[in-house]
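[1] Next come a sequence and a model predicted from it.
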Amino acid sequence: MRRHVIAGAALTAALLAAGCSGPKSTDNTSSNSSGGTGGAAGTVNVYLYQEPAGVFSPLAPASGPDGQVMSFIYQGMLGVDPQYKLQPILAESFDVSKDAKTFTFHLRKGLKWSDGKPFTSKDVLFTYQLLANPKSTSATAGSFAAVAGVSAFISGKAKTISGLSAPDPDTFVIKATKPNYGLVAQLGAINIMPEHILGGDPVAEVAKDKFFRSPTVGIGPYTFVAYKPNQYVQLKANPTYRSHVSVKNIYLKPLTSDVATAQLGNGGIDVASISPTDLKTVQGLSNVSVKESLGAGFIRIGLNQSKSMFKDARVRQAFAYAINRKQIVQSVLAGKGVVQSSVFYKDNQPAGLNQYDYNPGKAKELLKAAGWDSSKTIALEWIPGQRDRDATATIVQNELQAVGVKVKLTQVQAAQILPSYEKKTYDMVLFGGGNYAVDSWNVDVIVDCGQQFPAGGNIVFFCDPNLDKLLKQANSTTDAQARKNLYDQAAVEENKQASYLWLYDPKGLWAVNDRIKGFVAGGSQEANFWDPGSWSISS
Amino acid sequence: MTAVDIAVAPARRSPARLAVRRFVRHRIAVVSVGVLLVVVIGAVFAGPISGHSPTTIDLFHIRASPSEKHWLGTDSTGRDVFSRLLYAGRVSLGVGVAAALIAVVIGTVLGSLAGLLGGWVDQTVMRLADIFLSFPSLVVMIVVAGILGPSVITMVLAIGLFQWPTCGRLVRGVTLSLREQEYVQASRAVGAGPVWLMARHIIPAALPPVSVVATLGVAQAIGLEATLSFLGLGVQPPQPSWGNMLTDAQSLTVIRSMPWLWLPPGLAVAITVLAVNFIGDGLRDAVDPRRS
Amino acid sequence: MEHLQLMGAYILRRLLINLLVFALITVAIFMLVHAAPGDPVKMMIPPDQLNSGSAAFIAAKRHELGLDQSVFLQYWHWLDNAVHGNLGYSLVSGRSVTSLLSERIGPTIELMGVGLALSLLIAFPLGIIAAVRRNTAVDYAATVVSLGSVSIPAFFLALLAIYVLTLRFQLLPSAGMSTPGASGLIDLLRHLLLPALILGFGNSGPFMRYIRSSMISELGSDYVRTAEAKGAGPIRVVVRHTLRNALIPVLTIIALSLPGVLAGAVVIEKVFAWPGMGQLAVSSVQQQDYSVIIGFALIIAILVLLSNLVADLLYTVADPRVRLR
């Protein structure tokens, strides 16, 4: 018997030893052995809400955690701050021509990559040409359709894209096919890749370059050191950055939100996004403050207007009146969000829009006037998994039921959503995301008659030619005030037509250890970090 | 001894009566029958007992702790937990019984065919049974749910497919031993087909041990459904199931400060599965006199 | 000599049958994945950008992933690659499936190993005591415990344990494999204890029942009665004689229980955020990362077939009377 016990113990010990030499690394310099006073001097520990794919590349399909890592080590000509204003980053200024077709970016002089090589417009041109070229397997090639010369290039008639040019080392020019003020917001903040490292690769091979798994050369405030799967991404301060970076090391750690909240308490994590459920717990921690910022995307329900039942605007308005969105924000989001009733971001809306305040009586009236058939059952689909959306779906079903609309809840997987758009089979779909805050032109892709899926992102097949006219006019106007007036008129028009069943705009909640100064909260848990080079640690 | 005694005595010793007596001696099993009865009644009369609807939301009282109005408090959209608990019983019990039934049907048919026909039919069926028995059902169901999407029907079918080998082997054994009996050989000589043999001889003979296996199968099925729904791959909300009521408890805040949300459904699964298992244990003692 | 030859032929036959079953399983999995709805390539692009410009990207990516070929060709390529150790690339992260699986397999083996050890540690004493004190209150209590281990769902037990040990008494951590910033054996053991204990408890029931029943039959046999007549106490007898005889059958049972232990590990890894293969499986199922799902299914198939093979071999070693048909 003793023999077997010893053998068993030896076996277990051997297994433990085998496991120990695996993913557990020992060179984690941000040791937390004191467990209470925070990380080592000069180090900031940041929570990642998901394991990154490990491909830190502007060419790769968008991935939240990878994008967040990239926001430390890459930069673009412009950047979007948490108030959704475009700020000069690598470019110190930009001009827009009177006809809103030519955009000239004036790059800062004397910038260097972290390996000492100079940063010039060559890098910018290289990046933009690569991203516009479908052969590079760039996932965002579609957004370059508005640049002049792109279609000629793709069809093979032209060798280069005429709309992208770098007339001198400090200038980069984008030309649009039509007046398109919003193009700056769409294309101005792209992360720039180093031409001197990747320029030699053939176009079809660049995306697979090992550089993107270990982008050690960069122009951001930090440079990449290592990525240990299941453990952390390690970054260090970039000595050649254009301003002084006082934080020496950054560790980004994928954890569960529970562990992150616990670690906030004992100083193991300095920066973490939190959910409304954990708000009270975190507010109770003594050395942690909670910062919030309004999100750029809205949670909404798309009503399929290729089906006749949703073509009448009164039906869509009725649905908006039927949902108590204020209470949803109170209960589901613990008050951390705003009610949304327009396709435009809150700060871009004119005053006086109809907020469709909760009014079931009015909803019933409108439904009756529109002749809604209350014996019909419609399906609400959504991808489950996020607490607030799951709760919202249930609430919407209940509240629509109360005004006589029968709703069946249907959970679907991501793979099933696209076919339902393609075949126009869905009734209602609950989803979120998008970025409608930086420039109001961004909304065009989801409401324009010409952008009906699959040509664009208008998956509800909404069509209002008046709205399109106003949007396009606004986008062709260089004068800021005139543009604002036009967008305001568009907002009023869309508000009447209720293109989507807008629900709410959730706030991003970020918990920060009080020793970190300079942190600015992003609008969601996957938002990029803004200006991390200005963070500092007070002891 | 009077004539009355003689007439009455055999009835007192009938196999069914003796089985019931042996069952009753297993006290925990008897208690479990009572417990299961409570669960079934709760599930069947869920509405009147709880007095609330499982789907009515109340945004002003979300995650409220137990009170007079809501005996077990409310969940994240203000729905009454107690009524959801009772309605969830319907799903869990339903899935359990349906899956076990499918397993019994498939197992009986395949097992008796294997026993009667022998040869390569027997070999194939046994080989199939081996494969299904050796694969961990939970893992395979996770993979299938991931590929085809979660659905209750897929789940019930899958559980049934993994449980049939136990029943199948049993029925095959019974069939093989029956085959040698004289009266069966006589029937076959007269031309009785497999279906008739199944109905007349095999099923009645196999019923006692199969009932044990089926009961244990129900217990296992309920447990599997709870686990799958907990992972989000089984019964989908808003349909309540004991498993998916526990999905909310994956946050430390909920575990610590809102035990009414996760303790009741978890206890419900544990108690029901335990009760059914004990009943199966008792049945095992009842039908097999050599074992007690 | 002849016995060894027979055994060799037997092993070969079992191996061939297992390979055939394995091949059929791979075909089944592949077909299943291709029956799945949706297009993984299109899912990589946000709907706002799914316009004509992205058609070229989609075509290029499909070609890269080989999705534009017929199913048979795809299967053939995949099989060819798999045999050479290349299980494809994750649709979510692009990393090779083999590297994903190999970095996750260590923690799962740790969890399963320690869990199995704990489960035997629970089952042996309980089983022996229950056998020795047959039909007494102790025996009934042990039966209740063993039935409890298979009836109470592991994830519920895990939540209870987290509630008591992590939240109320702050004794043990409830998630992950290590504390960020800390490392070392003690830290690992603290994180491992709770998940392994729950996994072990869940598997101890059947072991305990088996040990109990085999002890009971051994205790009734002649040599035990002889030893008892000579004055040796029952436990000493058991320890000296019966365990030696029971070793190989117990190993057989352990081998056969491995797939079940893995199933338990999958759920436990999810609840405790233990970074093993099970957690990878659940998250790849939720993200519909088909390449990883297929890779995981393969590992399961290999594990099951291997454990059956080992169990078969142990049967023949333990009991030469088994006819090696």
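    Now that the structure is in, tell me what you want to look at.
[2] Please work out how many residues are found near the residue of chain A found nearest chain C.
    In chain A, the residue that lies nearest chain C is residue A:415 (2.2 Å; CB to the nearest CB). To be clear about C-beta, it is placed using only N, CA and C from the backbone, and glycine gets the same treatment. Neighbour count for residue A:415, taken as other CB atoms under 10 Å in any protein chain shown: 19.
[3] Phi first, then psi, for it.
    phi -70, psi -20 (degrees, to the nearest 10).
[4] what about residue B:54, which SS state?
    Per DSSP: H, G, I helix; E, B strand; the rest coil, the secondary structure class of residue B:54 is coil.
[5] ok, now how distant is the nearest residue to residue C:131 once chain neighbours are set aside from residue C:124?
    Nearest non-adjacent residue to residue C:131, counting by CB to CB, 6 or more residues apart in numbering or on different chains: residue C:215, 3.4 Å away. Using CB to CB, to the nearest Å, one gets 10 Å for the distance from residue C:215 to residue C:124.
[6] the more surrounded of these two?
    The neighbour comparison of residue C:215 against residue C:124 (other CB under 10 Å) goes to residue C:215, with 24 against 21.
[7] What does the residue nearest to residue C:131 show for phi and psi?
    The phi/psi pair for residue C:215 (degrees, to the nearest 10) is phi -60, psi -40.
[8] That one and residue C:134 touch, don't they?
    No - assessed by CB atoms under 8 Å, residue C:215 is found out of contact with residue C:134, at 9.2 Å.
[9] which residues are common contacts for these two?
    Among the neighbours of residue C:215, none is also in contact with residue C:134 (CB atoms under 8 Å, 6 or more residues apart in numbering or on different chains).
[10] In chain B, what residue comes closest to chain C?
    Counting by CB to the nearest CB, chain B gets nearest to chain C through residue B:146 (3.1 Å).
[11] Look up the closest residue to that residue, ignoring the ones flanking it.
    residue C:285 (3.1 Å).
[12] quick one: secondary structure of the one you found?
    helix.
[13] My read is that it contacts residue B:142, right?
    Yes - counting by CB under 8 Å, residue B:142 is a contact partner of residue C:285 at 5.8 Å.
[14] Show me which of the two is the more surrounded one.
    Between residue C:285 and residue B:142, counted using other CB under 10 Å, the more crowded position is residue B:142 (28 against 24).
[15] Show residues contacting the helix or strand containing the more buried one.
    Under the criterion of DSSP states H and E, residue B:142 resides in helix B:137-148. In this structure, residues lying in contact with helix B:137-148 by CB under 8 Å, 6+ apart are B:151, B:154-155, B:158-159, B:162-163, B:224, B:227-228, B:231, B:233-234, C:29, C:32-33, C:35-36, C:259, C:262-263, C:266-267, C:281-282, C:284-286, C:288, C:290, C:293, C:296-297, C:300.
[16] Repeat that for stretch A:464-474.
    By CB under 8 Å, 6+ apart, stretch A:464-474 touches A:181, A:440-441, A:443-444, A:447-450, A:483, A:486-487, A:489-490, A:493-494, A:497, A:499.
[17] out of the residues you listed, which are buried?
    Taking 16 or more other CB atoms under 10 Å in any protein chain shown as the criterion, what is buried in those is A:181, A:440-441, A:443-444, A:447-448, A:483, A:486-487, A:489-490, A:493-494, A:497, A:499.
[18] tell me the two of those that are most distant?
    A:181 and A:497 (23.4 Å; CB to CB).
[19] Tell me the residues on the stretch 1-150 of chain B that lie near chain C, please.
    Contact residues (CB under 8 Å from any CB of the partner chain) of the stretch 1-150 of chain B with chain C: B:28, B:130-131, B:134-140, B:142-149.
[20] Quick one: buried ones out of these?
    Of those, these count as buried by 16+ other CB under 10 Å: B:28, B:131, B:134-140, B:142-147, B:149.
[21] Of those, which is the nearest to residue C:158?
    Looking across these and measuring by CB to CB, the closest to residue C:158 is residue B:138, at 14.9 Å.
[22] Which pLDDT value goes with that closest one?
    On pLDDT, residue B:138 comes in at 91.
[23] Closest residue of the stretch 1-150 of chain C to chain B?
    residue C:36 (4.7 Å).
[24] For that residue, the count of nearby residues, please.
    18.
[25] Which residue ranges of chain B form strands?
    For chain B, no strands are identified by DSSP state E.
[26] Low-confidence regions, the chain specifically.
    The chain I'm using is chain A. A:1-40 (pLDDT under 70).
[27] hmm, I had chain C in mind actually
    Looking at chain C by pLDDT under 70, you get C:1-2, C:37-57, C:177-183, C:224, C:232-243, C:246, C:318-325.
[28] So which elements touch the longest strand seen in chain A?
    Determined from DSSP E, the single longest strand within chain A is strand A:501-513. The elements that strand A:501-513 packs onto, with contact taken as 3 or more CB pairs under 8 Å, 6 or more residues apart in numbering or on different chains; DSSP states H and E, are helix A:257-266, strand A:271-273, strand A:288-294, strand A:299-303, helix A:313-322, helix A:325-332, strand A:337-339, helix A:387-402.
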